[in-house]
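Predicted model, plus sequence, below.
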Amino acid sequence: MCGIVGYVGPGSSLDVLLSGLKRLEYRGYDSAGISVIDQEKGLQTRKRAGKLKVLVDDLALSPLPDTHIGIGHTRWATHGAPNDINAHPHLGGEHLKLSLIHNGIIENFSELKKELIDFGVKFSSETDSEVAAHLVAREYETVNDLTQAFRNVVRRLQGAFTLLCIHEDYEDLILAARRNSPLVIGLGVGENFLGSDVAAFVEFTKKAVAVGQDQIVELRADSVRITSFEGAEIIPETFEVSWDASAASKGGWPSFMAKEIADQPQAVGDTLMGRLSSDGSVKLSEFSGLSSLTEMNRIIIIACGTAAYAGEVAKYAIEKWAKIPVSVELAHEFRYRDPVLDSQTLVLAISQSGETMDTLMAVRHAKELGAKVLSICNTQGATLARESDATIYTHAGPEVAVASTKAFTAQLTAGFLVALALASMRKSMGAVELRELGLELLKLPRHVKEVLESVERMRFLGKRLSGAKSILFLGRNVGYPIALEGALKLKELAYIHAEGFAAGELKHGPIALIEQGQAVIVVVPSPKGNHSLHPKVISNIQEIKARGAVVIAIAEKEDRLVAESADEVFEIAPTNPIMSAVLAVIPLQIFAMELANAKGLDVDQPRNLAKSVTVE
Ligand code: F6R
């Protein structure tokens, strides 16, 4: 949470900072602020509560000088209410010549604050971050060297932090430090950038460096120096950003979410590209980073939220095709019990951002216990990728809307690739059968496109149900995690009560919720692929209808039994029953988005949320 951006170079710092913040706003939107250093006026800061637009409007009315160095921040509040004072940057020193922004939580801030108060420092905000600003400013007064002062201070901080700091005395230097929070450098020609992720600067440069754990960056227009907290030189490893800057703009769509839903045929297709040949055979070159894959005797999938639902679907695929036992764990639960795992356990971590702190902590814990880690990640240079033994990138492109859509379908696709590649490696299925599955997977982008072309009725239903107090979702087999995902989308976008249930669980309690007019969305398994499950779900539909439910079914084309029993049916193309998860979720995404739109809500930035959850 919180987005940070920094710029030093000949360009306009205001332009770079504001466009970077716009692209990072998904990380938090409680307040925003910037500091720049002007040769005449010195350090200039402006910060405002509310979304970035409030700051932009403020700057339009009363501009700051346009300079060549600056830092910017968009906040997701942890310590202190989201108001102007708690907004970043925070200033430090007697004459407030130092400006600092922070992403993360400084866990020992209370004792540090007490120490500063004892020295007579006056605090203006309730944040943990202001402590760092004052500490660096005080230390600078003592050691008279900003980099040394910054280094001395970051070594005292505990918790998670990315810090960016500028000082009026240094018109060409941004200092940055990173521990347990993300930081990426963008390398330009005669100019350099810093950002929470590459989206911050992809418009200006595609050459980047991911900053490692416990490292300090001294960034100038024409040089970058990276050292460890202790001062050891680090040789930067550059990478090329594959995202296109235009991919992070709305491109004429009413919202990023609408655009990202529409991007899904490409996201799925790009994730398959180079990994699945036209004859249906799968090759994951990424597996070469994992030496002992054939000896693995079980897989634990670790993720949070939507990514965990992708993991639930991957479990069905891996167990069915590769015959390896799989369990799916919410990262924050896994980390704080005593999981039993060893060197024959493969941990599969799934994360769009690759920066979710819960997932990172779980991965670190698994590694300490000897497990190998394979990750599925959408963001180049992300911490998760750096800390995994191997990474399969989903090529969904930047996902800006807070609620995950295209990253989810790309994660599902990557999960199928992993399952097929493992099956091939372990020979758990015949080659012909495997290639048939591969060929079916190749058809997915086209099927996704067809679903998107026929969603009008789902849009209408979303609008029509905008007054509902509660909507329930049911599914079986892979339809169950899809029901959970449909309910999550609705909760986060439309702020109405929604719950997903395994349809088989209905009679064990949840059916008591059904009353006259209760809307229930049912993800129906394929009648062909799931001979035994299909009639059971049809019976569930009958049972809830008999008690007054209004049923909207997501079902395979020409499923006659569903057409006879449900009130509304949204049809998806017949495909492999496990792969059908990718198609079934799309109408649920559209439904939630339209319902939220009908309520006049901001679908890109739902309340209280941030896209990248970088605190535990
Ligand atoms: C919901 C959503 C979240 C994320 C979760 C994990 O729409 O986006 O539930 O899936 O916070 O995020 P990543 O995938 O970045 O680890």
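Sure thing, it's come through.

mind checking the SS state of residue 484?
Assigned by DSSP: H, G, I helix; E, B strand; the rest coil, the conformation of residue 484 is helix.

Once you drop chain neighbours, what's closest to it?
Excluding the flanking residues, the one nearest residue 484 by C-beta to C-beta, 6 or more residues apart in numbering is residue 500, at 3.7 Å. For the C-beta atoms, the positions are set from N, CA and C on the backbone; glycine is no exception.

same check, this time on residue 187
That would be residue 207: by C-beta to C-beta, 6+ apart, it lies 4.3 Å from residue 187.

swap in residue 245?
Nearest one to residue 245, counting by C-beta to C-beta, 6+ apart, is residue 203 at 4.2 Å.

My understanding was that residue 612 contacts residue 355; is that so?
Yes: between residue 612 and residue 355 there is a contact at 5.0 Å, judged by C-beta atoms under 8 Å.

Quickly list what's touching both of these two.
182, 196-197 (C-beta atoms under 8 Å, 6 or more residues apart in numbering).

near the ligand, which of those residues show up?
With C-beta under 6 Å from any ligand atom as the criterion, the shared contacts of residue 612 and residue 355 include none near the ligand.

Using CSV, lay out these together with pLDDT.
Listed next are those as CSV, based on pLDDT from 0 to 100:
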residue, pLDDT
182, 90
196, 93
197, 89
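
can these go into CSV with extra columns for distance to residue 552 and neighbour count?
Below are these laid out as CSV (distance: C-beta to C-beta, whole Å; neighbours: other C-beta atoms under 10 Å):
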residue, distance to residue 552, neighbour count
182, 39, 28
196, 39, 28
197, 37, 29
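
From those, which land in strands?
Per DSSP state E, strands hold no members of the shared contacts of residue 612 and residue 355.

what would these look like in JSON lines with distance to residue 418?
Listed next are the shared contacts of residue 612 and residue 355 as JSON lines, based on distance: C-beta to C-beta, whole Å:
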{"residue": "182", "distance to residue 418": "25"}
{"residue": "196", "distance to residue 418": "28"}
{"residue": "197", "distance to residue 418": "24"}
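
close to the ligand, is the host helix or strand of the residue nearest to residue 484?
Element membership of residue 500 [criterion: DSSP states H and E] is strand 497-502. No: Strand 497-502 lies out of reach of the ligand by C-beta under 6 Å from any ligand atom, never closer than 12.7 Å.

for stretch 359-369, same thing?
Yes: Stretch 359-369 reaches the ligand (C-beta under 6 Å from any ligand atom) through residue 359.

Show me which residues of that stretch are buried.
359-363, 365-366 (16 or more other C-beta atoms under 10 Å).

Likewise for stretch 189-199?
So stretch 189-199, judged by 16+ other C-beta under 10 Å, has buried residues 191-199.

for it, how far is the first residue from the last?
18 Å (C-alpha to C-alpha, to the nearest Å).

distance between it and the chain's centre?
Offset of stretch 189-199 from its chain centre (C-alpha atoms, centre = their mean, to the nearest Å): 20 Å.

State the next helix or strand along the chain beyond the helix or strand containing residue 20.
Assessed by DSSP H and E, residue 20 sits inside helix 13-24. The helix or strand immediately downstream of helix 13-24 is strand 31-38, counting by DSSP H and E.

Flag every residue of the stretch 251-400 of the chain that's near the ligand.
Residues of the stretch 251-400 of the chain lying close to the ligand by C-beta under 6 Å from any ligand atom are 304-307, 351-353, 356, 359.

mind listing the helices in the stretch 401-550 of the chain by residue range?
Per DSSP state H, counting those that start in this stretch, the stretch 401-550 of the chain carries helices over the ranges 406-426, 431-442, 444-453, 456-464, 479-494, 533-546.

how about a markdown table for those helices, with distance to the ligand and mean pLDDT added?
Formatted as a markdown table, the helices of the stretch 401-550 of the chain follow (distance: least, C-beta to the nearest ligand atom, whole Å; pLDDT from 0 to 100):
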| stretch | distance to the ligand | mean pLDDT |
| --- | --- | --- |
| helix 406-426 | 7 | 97 |
| helix 431-442 | 22 | 97 |
| helix 444-453 | 18 | 97 |
| helix 456-464 | 17 | 92 |
| helix 479-494 | 6 | 98 |
| helix 533-546 | 25 | 95 |
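
Kindly reformat the ones you listed as a markdown table containing mean neighbour count.
Converted to a markdown table, those look like this (neighbours: other C-beta atoms under 10 Å):
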| stretch | mean neighbour count |
| --- | --- |
| helix 406-426 | 27 |
| helix 431-442 | 16 |
| helix 444-453 | 18 |
| helix 456-464 | 17 |
| helix 479-494 | 26 |
| helix 533-546 | 18 |
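
is it possible to export these to a markdown table including distance to residue 591?
Shown next, in a markdown table, are these (distance: least, C-beta to C-beta, whole Å):
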| stretch | distance to residue 591 |
| --- | --- |
| helix 406-426 | 15 |
| helix 431-442 | 26 |
| helix 444-453 | 12 |
| helix 456-464 | 4 |
| helix 479-494 | 7 |
| helix 533-546 | 18 |
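
mind checking which of those is nearest residue 2?
helix 479-494 (19.1 Å; C-beta to C-beta).

I'd like to know which elements the closest one is packed against.
helix 305-317, strand 470-475, strand 497-502, strand 519-523, helix 580-598 (3 or more C-beta pairs under 8 Å, 6 or more residues apart in numbering; DSSP states H and E).

what about residue 421, distance to residue 415?
11 Å (C-beta to C-beta, to the nearest Å).

who touches both of the two?
Between them, residue 421 and residue 415 share no contacting residue, judged by C-beta under 8 Å, 6+ apart.

ok, now which ones touch residue 290?
Neighbours of residue 290 in contact, by C-beta under 8 Å, 6+ apart: 346, 372, 374, 389-390.

Closest to residue 569 out of these?
residue 374 (38.2 Å).

I'd say that closest one and residue 421 touch.
No: distance between residue 374 and residue 421: 10.5 Å, which falls outside the contact criterion (C-beta under 8 Å).

For this structure, give me the ranges with low pLDDT.
530-531 (pLDDT under 70).

Count the residues that sit near the residue of it found nearest the ligand.
Taking C-beta to the nearest ligand atom, the ligand has its nearest neighbour within the chain at residue 305, 2.0 Å off. Other residues lying near residue 305 total 22 when counted by other C-beta atoms under 10 Å.

any idea how far residue 209 is from the nearest residue to it once chain neighbours are set aside?
In this structure, residue 305 finds its nearest non-sequential neighbour in residue 488, 6.9 Å apart by C-beta to C-beta, 6+ apart. Residue 488 sits 35 Å away from residue 209, going by C-beta to C-beta.

picking that back up, just checking, the residue nearest to residue 187 touches residue 185?
No: if you go by C-beta under 8 Å, residue 207 and residue 185 don't touch, sitting 9.1 Å apart.

Give the buried residues for the strand holding residue 500.
498-502.

Just put these in CSV and tack on distance to residue 607.
CSV is the format used below for the buried residues of strand 497-502 (distance: C-beta to C-beta, whole Å):
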residue, distance to residue 607
498, 16
499, 20
500, 21
501, 26
502, 29
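
Can you list the helices and strands that the helix or strand residue 226 falls within packs against?
Assessed by DSSP H and E, residue 226 sits inside strand 223-228. With contacts defined as 3+ C-beta pairs under 8 Å, 6+ apart, the packing partners of strand 223-228 are strand 215-220, strand 233-234.
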